[in-house]
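Asks: Take a look and give me a structure for this.
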Amino acid sequence: MPLLPLLVPDCARLAFAVGRDGDSAEYDRKGLRGLASARAAGAQPGMRRAAGRGRRERTGLVGWRGQNRRHGTGAWRALFFAGRWALVLLVCLVPEGRAKSRGGSRLRLVFTGFIGDLRGKAIDLGSAAVTSDGRVWMLLRSGRLVAFGPGGEYLFSRRVHPGGPADGYRLSVEGERVFAGSLRTDFPALFASERMGAAPGRFRRPRDAAMGGDGRVVVADTGNRRLQWFRSWRLEQLLGATPVPAPPVAVALSPDGKHVAVATEDGRVFAGSAGPLSPAGLREWTRLSGEMGPVRSVALGPDGSVLIGVADQLRRLRRLPDGRIEDAVVAPSWRRSSPGAFVAGTPMRRGPTGRIWYANETTGEVFALDPRTRRPVRCGTGFHRPLCVGFGVKGRILVGGFPSPGQAGPRLAVFDRVPFRSPGRVFPPGGLLYRGTTSPVWDIGTLPDGVLVLRIVEPGYRKGWPALCFKKVAADGRMTEWLDFGPMYAVRRRFAPWEVACATRTAPGGDVYLTATPLQAVLRVSPAGKIIWEVGMLPRGGADRVPFRGPCDLAVDTGGNVWVTDKDLGSIFCLSPAGRLLLRYGGPADIDVLDGSGFGRPTGIETARTRDAESVFVGDAGNGRIAVYRIDRGD
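Replies: Purely as a prediction, here's the structure:
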């Protein structure tokens, strides 16, 4: 998006460029540009020259941007820049969260705050690095790059790539620049069949590699319990080997290339001088606590400190003059600092007592949020990848999601009181909802008479996970057909079996609002299964045309309006009971956007009344938080 570089302040105008075919990438203060080697001896591993005009690099920050791209000359160039600035003014001057309703009133959302803050928290850490200016960089496996100052203070974070190779991206540094690549693409010789073995220059299960300022490369040869040193990234000239007491899993060189640090499988950290060392050259620096988990990354700072990265924590260790080791947390674990963070991309549901319920697929927990105190409380534990919460007769709590290991299909867990722990009672009694381990239960709808509405995957011709079929499920497990859309794969969009997000909510008159990602629409359906209207790209029943891309959750407020989240657009919508668009709010926004003007990936939404106002709670899984807005109807 060409507007973004103009709207981002200079201090944050940093760009991360990921090559189209898995090459390394660079994060640099000078902005986005192709990677070019300045060394006469050869290119940095994973680097490539950006020669030629019209070179295109894919970036997670600003999309596709050409290198040395010509915008034309003369009138065409003037027209291009004039249009660019006109769009900037349009974005700045047009109010975002306001739309005209059919009744003449103005519907508006007033941002009132966030629940949960994951800025600077470690969530599935993939790699860490320290540049020569002392800045600490942390790359999460979700594709988010986080920057910290020399003192460990949080600076900013950017989503830099949608996903990486199977072994994940890893960070390396050169001066003040940070490069991201993968072990397999940066050092392909590590995985060549002719390089396998225990002889010098061969490898068994290599886990990591690091390059020094002089071009030397050290490889953590895990299976052979040694470090191997090479002249260049091609790994052709062996300089020597260093035995390690335990299998090494991560290795790092200091920015000046004079020191090396290595972490082992048993949690020990060794340090020494960089180069082919004798067996006594590495000394044990410290032993990590078993509670931290296996080490994923290690880095050396210019001050001699060692950074240790595990899945949910990044720590800095520094040896003091008296021999003691100072241990400081740079990126704390999100599980301890924000236990109720909305990170799993699940729907939300208001319960009979007014609390808002949601599941955390990552931790296997279920939370209930009190709208008045805005404090989530853990109510359920021990689940295998839960996704949704529903409510049956007499306030029974139903939890659905992916089937447990060993099960042929999903089923619901039923509980009568909180707190609860899986497995609970099974529904349907003694059976499964359907067979299929890749198609989870995304939503549990309840009709006024207590009958459940569930998406059911049926076997047979033109059935299975590509088909979209909803059935009524009675208390004894009997199923009757309600809606059957037939095969939906590639009809309006493509999707995977586990991506069929859907939601049903009951309207005040007894009708049912329905949405599903394959439909790219919101429907109002009678209890008998008759479609009254449809809002989407192909509207019917007098409804409006709305270009949904990934609708995934619904909520109904006290006025009967329908609130919809679209995870692909990063927006929420408000529809009237007649299917007219009243409001579209938000757009793509990163975690450092704190004014509530957009979302990373909104997957859950619910409304609740607190005191004299009604609020909308939006679960933003992309940024790991819940955004709260007050509904202002402007009457």
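
Asks: chain center to stretch 440-449, what's the gap?
Replies: Centroid separation for stretch 440-449 versus its chain: 26 Å, with CA atoms, centre = their mean, to the nearest Å.

Asks: List the buried residues in that stretch.
Replies: In terms of neighbour count (16 or more other CB atoms under 10 Å), stretch 440-449 has its buried residues at 440-446. C-beta here means a position set from N, CA and C on the backbone, and glycine is covered the same way.

Asks: just how off-centre is the helix or strand where residue 388 lies within its chain?
Replies: Counting by DSSP states H and E, the element that carries residue 388 is strand 386-391. Relative to its chain's centre, strand 386-391 lies at 21 Å (CA atoms, centre = their mean).

Asks: Would you mark the buried spots in the very next helix or strand once past it?
Replies: The C-terminal neighbour of strand 386-391 among helices and strands, as given by DSSP H and E, is strand 397-401. For strand 397-401, a neighbour-count test (16+ other CB under 10 Å) marks 397-401 as buried.

Asks: do stretch 523-539 as well
Replies: Quick answer for stretch 523-539 (16+ other CB under 10 Å): 523-525, 527, 532-536, 539.

Asks: pull the CA atoms of stretch 375-389 into CSV?
Replies: Only the C-alpha atoms of stretch 375-389 are listed here, as CSV (Å, rounded to 0.1, in the frame of the first residue of the first chain):
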residue,chain,number,x,y,z
ARG,A,375,-11.2,-8.8,33.7
PRO,A,376,-11.0,-12.3,32.2
VAL,A,377,-11.3,-15.3,34.5
ARG,A,378,-10.0,-18.8,33.7
CYS,A,379,-13.0,-21.1,34.0
GLY,A,380,-12.0,-24.3,32.1
THR,A,381,-8.7,-26.1,31.6
GLY,A,382,-7.3,-29.3,30.1
PHE,A,383,-8.9,-29.2,26.6
HIS,A,384,-7.3,-30.2,23.4
ARG,A,385,-7.5,-27.2,21.0
PRO,A,386,-10.9,-25.8,22.1
LEU,A,387,-12.5,-23.3,19.7
CYS,A,388,-16.0,-22.3,20.8
VAL,A,389,-18.3,-22.1,23.8
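
Asks: tell me which of the buried residues of stretch 440-449 is nearest to residue 392?
Replies: Taking CB to CB as the measure, residue 392 lies nearest residue 446 of the buried residues of stretch 440-449, at 6.7 Å.

Asks: That closest one bridge partners, please.
Replies: residue 452 (DSSP bridges).

Asks: my guess is it meets residue 453, correct?
Replies: Yes - counting by CB atoms under 8 Å, residue 446 touches residue 453, with 7.2 Å between them.

Asks: for this structure, which spans come out with low pLDDT?
Replies: 1-105, 161-167, 275-281, 290-292, 635 (pLDDT under 70).

Asks: residue boundaries of the helices in it?
Replies: Secondary structure of the chain (DSSP state H): helices located at 4-7, 75-93, 183-186, 334-337.

Asks: would CSV of the buried residues of stretch 440-449 with distance to residue 109 be doable?
Replies: Output for the buried residues of stretch 440-449, formatted as CSV (distance: CB to CB, whole Å):
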residue, distance to residue 109
440, 31
441, 30
442, 26
443, 24
444, 27
445, 26
446, 27
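
Asks: Quick one: neighbours of the residue nearest to residue 539 when sequence neighbours are not counted, just the number.
Replies: Leaving out its chain neighbours, the residue that sits closest to residue 539 by CB to CB, 6 or more residues apart in numbering is residue 545, at 4.8 Å. When counting by other CB atoms under 10 Å, one arrives at 11 neighbours for residue 545.

Asks: same question, the one 10 residues further on
Replies: By the other CB under 10 Å criterion, the neighbourhood of residue 555 contains 27 residues.

Asks: Provide the partner residues of it in its beta bridges.
Replies: The partner residues for residue 555, given DSSP bridges, come to residue 563.

Asks: My read is that residue 617 contacts residue 602, right?
Replies: No - proximity of residue 617 to residue 602 does not meet the contact threshold set by CB under 8 Å, at 10.6 Å.

Asks: the more surrounded of these two?
Replies: residue 602 (30 against 24).

Asks: Let me see the contact set for the more buried one.
Replies: Going by CB atoms under 8 Å, 6 or more residues apart in numbering, residue 602 touches 565-567, 570-572, 586, 618-622.

Asks: As JSON lines, the residues you listed with distance to residue 128 would be great.
Replies: Formatted as JSON lines, the contacts of residue 602 follow (distance: CB to CB, whole Å):
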{"residue": "565", "distance to residue 128": "33"}
{"residue": "566", "distance to residue 128": "34"}
{"residue": "567", "distance to residue 128": "29"}
{"residue": "570", "distance to residue 128": "28"}
{"residue": "571", "distance to residue 128": "34"}
{"residue": "572", "distance to residue 128": "35"}
{"residue": "586", "distance to residue 128": "32"}
{"residue": "618", "distance to residue 128": "31"}
{"residue": "619", "distance to residue 128": "29"}
{"residue": "620", "distance to residue 128": "25"}
{"residue": "621", "distance to residue 128": "24"}
{"residue": "622", "distance to residue 128": "22"}
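
Asks: Now, of the residues you listed, which are buried?
Replies: 565-567, 570-572, 586, 618-622.

Asks: Out of these, list just those in strands.
Replies: The strands, defined by DSSP state E, take in 565-566, 571-572, 586, 618-620 from the buried ones among the contacts of residue 602.

Asks: Taking these together, which two end up most distant?
Replies: Top of the distance list for these (CB to CB): 571 and 619, 13.9 Å.

Asks: Tally up the residues packed near the residue lying closest to residue 403 once chain neighbours are set aside, please.
Replies: Once flanking residues are discounted, residue 403 sits nearest to residue 410: 4.5 Å by CB to CB, 6+ apart. When neighbours are counted by other CB under 10 Å, residue 410 registers 22.

Asks: Who are the contact partners of residue 410?
Replies: Counting by CB under 8 Å, 6+ apart, residue 410 touches 400-403, 432-434, 436, 439-441.

Asks: for those, which one is nearest residue 612?
Replies: residue 400 (35.1 Å).

Asks: Contacts only, for the closest one.
Replies: Taking CB under 8 Å, 6+ apart, one finds 386-390, 410, 412-413, 440-444 in contact with residue 400.

Asks: again with residue 224
Replies: Residue 224 neighbours (CB under 8 Å, 6+ apart): 198, 202-204.

Asks: Neighbour count for the residues you listed - can I get that in CSV?
Replies: Below are the contacts of residue 224 laid out as CSV (neighbours: other CB atoms under 10 Å):
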residue, neighbour count
198, 11
202, 17
203, 26
204, 15
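
Asks: what's the straight distance from one end of stretch 372-391 to the other?
Replies: 21 Å (CA to CA, to the nearest Å).

Asks: Tell me the buried residues in it?
Replies: Buried residues in stretch 372-391 (16+ other CB under 10 Å): 374, 376, 379-380, 383, 385-391.

Asks: Same question for stretch 329-344.
Replies: 330-335, 337-344.
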